[in-house]
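Visitor: coords please:
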Amino acid sequence: MPVAVIYIAATMLFIGAAPLPYGYYMLLRFVATGVFAWAALVSYERKNQSFPWVFGLLALLFNPIIKIHLPKEFWAFLDIGAGLLLLLTKRHVQQVENERT
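Guide: You can find the predicted model right below:
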């Protein structure tokens, strides 16, 4: 996965902790679901034991089709935590992509 995509998704997640219009959160759901699904696939291919489950759970939680309703405070915490997770694991995901090419 290109590192720019990780930075963009993490930035969007951090911004998502602020009160914004509903349209932004829908866009964030699409972006986050795609990035977390991709990260889960890459982690699975690398035969990692825990990252595919974590990223898969986040992809399901952020999915735009079946919306999970949680309090705004919990979503803010989740947005920041998911953004930090992306930044902390970017080398893991980036390294796998570099091995493919």
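Visitor: for this structure, what spans make up the strands?
Guide: Read by DSSP state E, the chain holds no strands at all.
Visitor: the helices in it, which residues?
Guide: 3-15, 22-45, 51-62, 72-88, 90-100 (DSSP state H).
Visitor: let's have those in CSV, adding mean pLDDT and mean neighbour count.
Guide: The way it works is simple: take the backbone N, C-alpha and C, and place the C-beta from them, glycine included. As requested, the helices of the chain are exported to CSV (pLDDT from 0 to 100; neighbours: other Cβ atoms under 10 Å):
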stretch, mean pLDDT, mean neighbour count
helix 3-15, 93, 17
helix 22-45, 93, 18
helix 51-62, 94, 18
helix 72-88, 94, 16
helix 90-100, 64, 13
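Visitor: state the distance from Ala10 to Lys90.
Guide: Noted for Ala10: a distance of 8 Å to Lys90, by Cβ to Cβ, to the nearest Å.
Visitor: anything in contact with each of those two?
Guide: Taking Cβ atoms under 8 Å, 6 or more residues apart in numbering as the contact rule, Ala10 and Lys90 have no neighbour in common.
Visitor: quick one: contacts for the closest residue to Leu41 other than its chain neighbours?
Guide: Closest residue to Leu41 apart from its sequence neighbours, by Cβ to Cβ, 6 or more residues apart in numbering: Pro52 at 7.8 Å. Pro52 is in contact with Ala40, Leu41, Ser43, Tyr44, counting by Cβ under 8 Å, 6+ apart.
Visitor: try Leu85
Guide: When contacts are taken as Cβ under 8 Å, 6+ apart, Leu85 is in contact with Val54, Leu58.
Visitor: one more time with 10 Å, if that's ok
Guide: Ala10, Leu13, Phe36, Ala39, Phe51, Val54, Phe55, Leu58 (Cβ atoms under 10 Å, 6 or more residues apart in numbering).
Visitor: mind putting those in TSV, distance to Gly81 included?
Guide: Formatted as TSV, the contacts of Leu85 follow (distance: Cβ to Cβ, whole Å):
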residue	distance to Gly81
Ala10	11
Leu13	9
Phe36	12
Ala39	15
Phe51	15
Val54	11
Phe55	13
Leu58	9
